[in-house]
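Trainee: Kindly return the folded structure for what I paste below:
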Amino acid sequence: KMAPILEALTTEYAGIMNVEFIDVWQKENLPKAQRYGIQSIPTQIFLDADGKELWRHEGFISKEDILAKWKAMGYDLEKSRKDKMAGKDAK
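Mentor: Here you go, the predicted structure:
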């Protein structure tokens, strides 16, 4: 259920937010799963630009709720996206 949401966020917020999907069932991703302390899937971890964990959620979360949580933490990604699009149109 989360894959289409992550794909949409990756596309719509390119250059504003990085989205990384880690398939914890793949052996090569086990070190990352351990580093992030993944105990349940899906797990979403919001990190700042320095890699510091800001928030963690286990279970399904909608795109709207993801954007709302970022906004509640002081990151208005929708405004950033609109500003970025306006800049592209001005070129």
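
Trainee: So, low pLDDT: which residues of the protein?
Mentor: 88-91 (pLDDT under 70).

Trainee: buried set for the strand or helix carrying P31?
Mentor: Using DSSP states H and E, P31 maps to helix 30-35. For helix 30-35, a neighbour-count test (16 or more other CB atoms under 10 Å) marks A33 as buried. (Each C-beta comes from the backbone N, C-alpha and C, glycine too.)

Trainee: for that helix, packing partners?
Mentor: With contacts taken as 3 or more CB pairs under 8 Å, 6 or more residues apart in numbering; DSSP states H and E, helix 30-35 sits against no other helix or strand.

Trainee: got the contact list for it?
Mentor: With contacts defined as CB atoms under 8 Å, 6 or more residues apart in numbering, helix 30-35 is touched by 22, 24.

Trainee: separation between E12 and W25?
Mentor: Counting by CB to CB, to the nearest Å, the gap from E12 to W25 is 27 Å.

Trainee: Which stretches in the chain count as helices?
Mentor: With helices called from DSSP state H, the chain shows them at 2-12, 30-35, 63-72, 77-90.

Trainee: and the ones you listed as CSV, adding distance to W55?
Mentor: As requested, the helices of the chain are exported to CSV (distance: least, CB to CB, whole Å):
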stretch, distance to W55
helix 2-12, 15
helix 30-35, 17
helix 63-72, 6
helix 77-90, 14
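
Trainee: quick one: which of E12 and W25 has more around it?
Mentor: Comparing E12 with W25 by other CB atoms under 10 Å, the one with more neighbours is E12, at 16 against 9.

Trainee: quick one on the thing from earlier: can you tell which of the helices of the chain is closest to D50?
Mentor: Judged by CB to CB, the one of the helices of the chain that comes nearest to D50 is helix 30-35, at 15.2 Å.
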